[in-house]
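1. take this sequence and fold it.
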Amino acid sequence: MAYRFGTLKTDGSPEATAHNAQWLGESTLGVEVVMEPLARECKLGNIDPQHRGAGGSSAIERAMIFPLPPEGSTIVTQRVDKDSIGAMAVLELRAEGREKDIDPFLVARLGAMDREGYTAHSANAIDAAYAESKDTTDALNAIIHDQGKWRNLPAKIRGFKMILVRDMPVQEIASIAATKSRLSERYNARDHRVEMFGTKVAFIDAPGKYYEARDWGNRRYEVVVVHDAEHDTPAAGLHKRWTICRKPDTFDRNRCEALLNAAEARARDMTVEDLVSAGFSWGGPKNIISSTEGKLRQSILTKDDIMPIVVECAESGLFT
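-> Take a look at the predicted model:
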């Protein structure tokens, strides 16, 4: 590989600080490093730091035009998802001289899915072109979550590269895709409880089922608030996670983010500027607002703090 790839830890522990110090520095490029204390140490730049301000970009699309770092540079992320791993794969392919082999429609589709979430409908020309090949994105999702053949970061990047330049046979793509159970179906089969706040806002308490609940709820409600008190990731450890997902034109998203950060800052006896600088702020892409990740960085707001803000912004009649 032309580059050294790694993941950062966000749990806030001394062990995480020591781990991150091995990856950050003068020769490091960040990909979706959304926590400002970590982003500041990515001295070669940071592709798509979309944690605040309803970011409307995607890492994989920006990676197509971002200046290539020198060979041997370190490229890191704090989140292992299709957008970040796809961006890493694109950078590696470009460094190998294979930029023209990269499927531009797949890059555009993955970018649209990252920006728009589940609202990147098949009516979109990009999605329509791939409506018959849903196996492709299912396979990429399976590679992200796989703990076998694709268990480590270099293996995931290798799999993405093969798919992005169409080096992987369609039969293999279909086989990988078949291993991906639909998150929404798994969650729908569970005994779950939805609490409605007004006519628009659904609240789901989903211990240990963050992704399933977010997927399931976002497909069914105009605005859904997911709380997972047992969210566990390799980078962030076991922590409390909040996410607000909205369908377009149903919610004053930007005001909600601002109000949540103001409330978080008050609860911590900090200014909003200090909150952001310390890496405790809420944020996300166009249709999502999430609390920060990490067992020592998790939000200290409660349901009673959060839900009135969300309801106010859902019923205001303003859409941002």
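2. may I have whichever helix or strand Asn261 is part of as PDB, with CA atoms only?
-> Of the helices and strands defined by DSSP states H and E, Asn261 is found in helix 253-268. Taking C-alpha atoms only, helix 253-268 is exported to PDB below (Å, rounded to 0.1, in the frame of the first residue of the first chain):
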ATOM      1  CA  ARG A 253     -32.100  20.900  11.800                       C
ATOM      2  CA  ASN A 254     -29.500  23.700  12.200                       C
ATOM      3  CA  ARG A 255     -31.400  25.400  15.100                       C
ATOM      4  CA  CYS A 256     -31.700  22.000  16.800                       C
ATOM      5  CA  GLU A 257     -28.000  21.500  16.600                       C
ATOM      6  CA  ALA A 258     -27.300  25.000  17.900                       C
ATOM      7  CA  LEU A 259     -29.700  24.500  20.800                       C
ATOM      8  CA  LEU A 260     -28.300  21.100  21.800                       C
ATOM      9  CA  ASN A 261     -24.800  22.500  21.800                       C
ATOM     10  CA  ALA A 262     -25.900  25.500  23.900                       C
ATOM     11  CA  ALA A 263     -27.600  23.100  26.400                       C
ATOM     12  CA  GLU A 264     -24.600  20.800  26.500                       C
ATOM     13  CA  ALA A 265     -22.300  23.800  27.100                       C
ATOM     14  CA  ARG A 266     -24.500  25.000  30.000                       C
ATOM     15  CA  ALA A 267     -24.600  21.600  31.500                       C
ATOM     16  CA  ARG A 268     -20.800  21.400  31.500                       C
END
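3. who's in contact with whichever helix or strand comes after that helix?
-> Counting by DSSP H and E, the element after helix 253-268 in chain order, helix or strand, is helix 272-278. When contacts are defined by CB atoms under 8 Å, 6 or more residues apart in numbering, helix 272-278 is touched by residues 36-37, 52, 261-262, 264-265, 268, 270, 281. Just so you know, the C-beta spots here come from the backbone N, C-alpha and C atoms, and that holds for glycine as well.
4. same thing but 10 Å
-> The contact list for helix 272-278, computed with CB atoms under 10 Å, 6 or more residues apart in numbering, reads 12, 35-37, 40, 51-52, 258, 261-262, 264-268, 270-271, 280-283, 292, 297.
5. helices and strands around the helix holding Asn261, which ones?
-> With contacts defined as 3 or more CB pairs under 10 Å, 6 or more residues apart in numbering; DSSP states H and E, helix 253-268 has these neighbours: strand 237-246, helix 272-278, strand 288-290, helix 303-315.
6. give me that answer again for 6 Å
-> helix 272-278, helix 303-315 (3 or more CB pairs under 6 Å, 6 or more residues apart in numbering; DSSP states H and E).
7. report the angle between that helix and helix 303-315.
-> Orientation check (axes from the mean of the first three to the mean of the last three CA atoms, to 10 degrees): helix 253-268 against helix 303-315 gives 160 degrees.
8. which positions in helix 253-268 come out as buried?
-> Applying a neighbour-count criterion of 16 or more other CB atoms under 10 Å, one finds 253-254, 256-261, 263-265 buried in helix 253-268.
9. with stretch 6-25 instead?
-> Buried, per 16+ other CB under 10 Å, within stretch 6-25: 6-12, 16, 19-20, 23-24.
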